[in-house]
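> give me the fold of what follows.
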Amino acid sequence: MNKLVLPERREADRADWGTYEQGPRDSAPQLGLKDLLMVLSRRKWLLAGTIVVVTLGGLALTESLTPVYTATTSVMVDPREQQVVDVQSVIAGMSPGAETMESEIEVIRSDALAQRAIAETGLDRTAEFNPEIAAAEETEPGLLGIDLDIAGAVRQAKAYVFGEPEQEPVDPEAAQRGTEAAMVSAFQSRLSVGTIGRSRVLEISFTSEDPRRALEVANAVASLYITQQLEAKFDARQRAMQWLSERLSRLRTEVETAEQAVERFRAENGMLEGRDARLVNEQITQLTTQVIGARAEYSALQAQLDSLQGSVRNRGARAALEGVDNPVVTNLRSQEATLRQREAELLNTLGPRHPQVVDIKAQIADIQGQIAAEANSRVQSLSSQVAVAADRLRSLEAAMGRLQDEATRLNTLEIDYRSLEREAAANRTLFENFLARYKETQEVDLDQPNAWIVSNASLPLRPSFPNRTLMVGLAFVLACGIGLVLVFVAEQMETGIQTREDIERMLHARALGVLPLVRSGRLRRAPPQDYVIDRPASAFTQSIKGLFTSLVIANQRHGKGNVILITSAVPGEGKSSVASSLSRIIAVAGRKVLLIDCDLRRPQMHAALGLENRIGLAEFLNGSAGLSQVVQRDPKTGADVILAGGAVDHPEEVIRHPLMDQLLFNVSSQYDLVVLDAPPVLPVSDTRILAEKASQTVVVVRWRSTGRRIVEMAMRQLDEAGANMAGVVLNQVDAAKGARYGSGEIEYYIGRRGSYFRN
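I've put the predicted structure just below:
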């Protein structure tokens, strides 16, 4: 048989439906503000109860706590000091950095200051800080003379159960140290020190059960902190003075010894004042510069002479005048050029032996001789310059050699001399520095500390802990958070089907209808199958009629047939009530209907309709009775009914008999609708056999009861058996609660919108 194609709810959603296997294309739930408000509405009592319980618990806890009071003293820490002398290297002040403030905070929280504060304020004599006094007060008799030594009672109980432990000797000193450590720890746990913003003001706060004690301790800690600064400065100066005095005495002796060694060395080696290796080295440096210059000058002149002589040898004497800017040479060259031009003109008109030509040639030769004389003169001048430069270079090198010998001699002595002189100078400088520090240390003023009290603590009038308003508020916020978590957990643990949308989204099936719950008491005067007759205008009756209409539409649209199988995943879903109510509604409407109780294991239809289950389907299928014998009539509606009949050993084999197919084939043409009340799907296999024979299959799901996976498993088995799934009916929906689950259809059964119904 073909798979059932689910009909569209409206034309606009036609593309959103597919086969049972495909389901709707958009199956993801869309959660909005309205959905969240619905969750809170249906879980309001869980949320409200959690808020009330947790808030009351927080209030009770607040009232049970012992109130404590906090007093605060403000102290200004100023690292800037007005100093006439520099004593930074002797008595260190403070740097104005953040690490300085952190260091001062740790000083205030130190064990030494805590011990002094405990002794000064008498905290060691109070039970709040001294564990010995607290233990003694706990063992004192109460108002009725009863011993309240709870710790002793616990020790006795342990000794009785586990035996008497071996007593270890008590060390009084160790016990005293433990008591002092406990008092210091308790003191530091009550002490709070911090800065105000980024300022240099420290807030010293102390918390105690007694407000006056908190005031006294806060002021005492501030005073002790300032006193400790002055004491630390005084001790530092005393230690510095003693150390500087001892060091100066040793340095004075070392300076005298070093200076005597320097003078003795100078006298023994004949070293004159002002004549030392340093001065000689300076002369050598100057002379070296002159030698380098003379050597460079000599090399340049020699190179120029060699180049000039080579040019003369290769190209004649005139090559010596190349590149020379000499007016005489320039004039001679100009005259020579003029005469040569004149010679050329005369040669064109006269012969070479003409007197004028001969005279001009003589003039040219004279000029050439003058030019050659100038070239020879330049070569001789350059040669003289080279000789002079060579003599100067030899003289400078000889002088530098003499100075180097003198420097070598002085350097040999200078090494030892400078070593002695440096030692003497270092000792002298060190002595002068220590002497200056000694005088500065004597003059330093230690009366001004680096901190002072800005404001003393005032007597606290209200306890700092517990803050009742804050704690109750936090308890309320925590209660809201826990309540929301519990609401979320409750929602996640609820796996039942709640709305038509859940059927379509989770089960990928068509929702045929939503049947409201028929309540007991005022609304319910009879079972559901009787209620549809007694209350024809009720919401439940109209829902059954809507289910019938959906089945008729499916039959007319797709031609599925009129044999309707009604089943459920598990027992207790109300499928028999739905089947009997549907049959009666059809019969009351004037149509022919046949109701067959196919549950041969646990038949219930005869009790629901008030009939006798003497003979029925089992007898027909085993051939012991005919059809006319097993068909009975409902006395209230006239609907035909075939009950289950007597008990059988193998119901599934009985239903698989060919007579069952013949029965359904015959009655489907005689009746407008044939309703099969089948057993649940999961417990037995009978329903899967019947599903293949029925035209349409309807699964009844109880609202918020059956899990989604169970229904999916049942529908999967029906599909594998070849059932044509008409859809799912959501049964026993509480109209008042269903509206809070977002079921739009159920809202029309209650309130102003339910005016069409008379329940």
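> now do the strands in this structure.
Along the chain, the segments classed as strands by DSSP state E run 69-77, 191-195, 201-208, 451-455, 511-516, 563-568, 593-597, 631-633, 640-642, 673-677, 696-702, 725-733.
> from Ser538, how far off is the nearest residue to Leu730 once chain neighbours are set aside?
Closest residue to Leu730 apart from its sequence neighbours, by CB to CB, 6 or more residues apart in numbering: Val514 at 4.8 Å. Just so you know, the C-beta spots here come from the backbone N, C-alpha and C atoms, and that holds for glycine as well. Between Val514 and Ser538 the distance, using CB to CB, to the nearest Å, works out to 14 Å.
> the strands of the chain into a markdown table, with extra columns for mean pLDDT, distance to Ser110 and mean neighbour count?
Listed next are these as a markdown table, based on pLDDT from 0 to 100; distance: least, CB to CB, whole Å; neighbours: other CB atoms under 10 Å:
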| stretch | mean pLDDT | distance to Ser110 | mean neighbour count |
| --- | --- | --- | --- |
| strand 69-77 | 89 | 15 | 20 |
| strand 191-195 | 89 | 11 | 16 |
| strand 201-208 | 90 | 13 | 21 |
| strand 451-455 | 84 | 15 | 15 |
| strand 511-516 | 82 | 76 | 25 |
| strand 563-568 | 92 | 78 | 27 |
| strand 593-597 | 93 | 92 | 28 |
| strand 631-633 | 92 | 101 | 16 |
| strand 640-642 | 93 | 97 | 23 |
| strand 673-677 | 92 | 89 | 27 |
| strand 696-702 | 91 | 73 | 27 |
| strand 725-733 | 86 | 73 | 25 |
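> show me the helices in the stretch 551-700 of the chain, by range?
575-588, 605-609, 617-621, 627-630, 651-655, 658-670, 686-693 (DSSP state H, counting those that start in this stretch).
> what sits up against the third one?
Going back to what we said before, that points to helix 617-621. Identification of contacts with helix 617-621 by CB atoms under 8 Å, 6 or more residues apart in numbering yields 596-598, 600, 625-627, 629-630, 642-648, 654-655, 657, 659-660, 663.
> just the buried members of the residues you listed?
596-598, 600, 625, 630, 642-646, 648, 654-655, 660, 663 (16 or more other CB atoms under 10 Å).
> identify the residues contacting stretch 632-640?
530, 533, 583-584, 586-588, 592-595, 609-611, 631, 641-643, 671.
> now do the same end-to-end measure for that stretch.
From its first residue to its last, stretch 632-640 covers 6 Å (CA to CA, to the nearest Å).
> correct me, but Val255 touches Glu432?
No - look at Val255 against Glu432 with CB atoms under 8 Å: they stay out of range, at 9.2 Å.
> between these two, which one's more packed in?
Val255 (20 against 12; other CB atoms under 10 Å).
> tell me the pLDDT at the more buried one?
With respect to pLDDT, Val255 scores 80.
> ok, now which ones touch it?
Contacts of Val255 (CB under 8 Å, 6+ apart): Ala424, Asn427, Arg428, Phe431.
> next, format those residues as CSV and append distance to Val681, pLDDT and neighbour count.
CSV is the format used below for the contacts of Val255 (distance: CB to CB, whole Å; pLDDT from 0 to 100; neighbours: other CB atoms under 10 Å):
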residue, distance to Val681, pLDDT, neighbour count
Ala424, 116, 80, 20
Asn427, 111, 79, 19
Arg428, 113, 82, 16
Phe431, 111, 78, 19
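> mind putting the residues you listed into a markdown table with distance to Gly57?
Putting the contacts of Val255 into a markdown table (distance: CB to CB, whole Å) gives the following:
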| residue | distance to Gly57 |
| --- | --- |
| Ala424 | 86 |
| Asn427 | 80 |
| Arg428 | 82 |
| Phe431 | 78 |
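> Ala135: which of the residues you listed is nearest?
Nearest to Ala135 among the contacts of Val255: Phe431, at 63.6 Å, using CB to CB.
> correct me, but that closest one touches Ser249?
No - counting by CB under 8 Å, Phe431 sits too far from Ser249 to count as a contact (10.3 Å).
> quick revisit: for the strands of the chain, which one sits closest to Asp391?
Per CB to CB, nearest to Asp391 of these: strand 69-77, 81.5 Å.
> how close does Ala451 get to Leu403?
Using CB to CB, one gets 68 Å for the distance from Ala451 to Leu403.
> could you do Val733 as well?
Relative to Leu403, and taking CB to CB, Val733 is found at 124 Å.
> just Val700 next, same as before
From Val700 to Leu403 the distance is 128 Å (CB to CB).
> next: Thr100.
61 Å.
> measure the residue most central in space within the chain to Ile596 for me?
In the chain, the residue lying closest to the centroid (CA atoms, centre = their mean) is Gly481, at 21.8 Å. In this view, Gly481 and Ile596 are 56 Å apart by CB to CB.
> could you do Pro528 as well?
Taken as CB to CB, the span from Pro528 to Ile596 is 19 Å.
> give me the low-pLDDT residue ranges for the stretch 651-759 of the chain?
Counting by pLDDT under 70, the stretch 651-759 of the chain has low-confidence residues at 735-759.
> right, and Leu113 touches Ile226 too?
No - using CB under 8 Å, Leu113 is not in contact with Ile226, being 11.1 Å away.
> tell me which of the two has more neighbours.
It is Leu113, of Leu113 and Ile226, that has more neighbours when counted by other CB under 10 Å, with 21 against 15.
> name the nearest residue to the more buried one, sequence neighbours excluded.
Leu224 (5.8 Å).
> does Glu180 touch Ala114 like I think?
No - taking CB under 8 Å as the definition, Glu180 is not a contact partner of Ala114, at 9.9 Å.
> quick one: which of the two has more around it?
Neighbour totals were compared for Glu180 and Ala114, and Ala114 leads with 22 against 16 (other CB under 10 Å).
> which ones are touching the more buried one?
Val184, Phe187, Gln188, Leu191.
> try 10 Å this time
By CB atoms under 10 Å, 6 or more residues apart in numbering, the contact set of Ala114 is Ile108, Leu123, Glu180, Met183, Val184, Ser185, Ala186, Phe187, Gln188, Leu191, Val221, Leu224.
> the fifth one and Gln229: what is the separation?
This means Val184. 21 Å.
> check Ser580 too.
In terms of CB to CB, Ser580 sits 98 Å off from Gln229.
> where does the stretch 351-500 of the chain have low pLDDT?
351, 357-358, 363-375, 377-379, 410, 441-448, 492-496.
> could you rerun that using 80?
351-383, 386, 403-421, 427, 431, 434-450, 464-468, 490-500 (pLDDT under 80).
> all helices for it, in order.
With DSSP H, counting those that start in this stretch as the criterion, the stretch 351-500 of the chain has helices spanning 355-443, 468-493, 500-506.
> same for the first one, what does it pack against?
For helix 355-443, the packing partners by 3 or more CB pairs under 10 Å, 6 or more residues apart in numbering; DSSP states H and E come out as helix 211-269, helix 277-315, helix 327-349.
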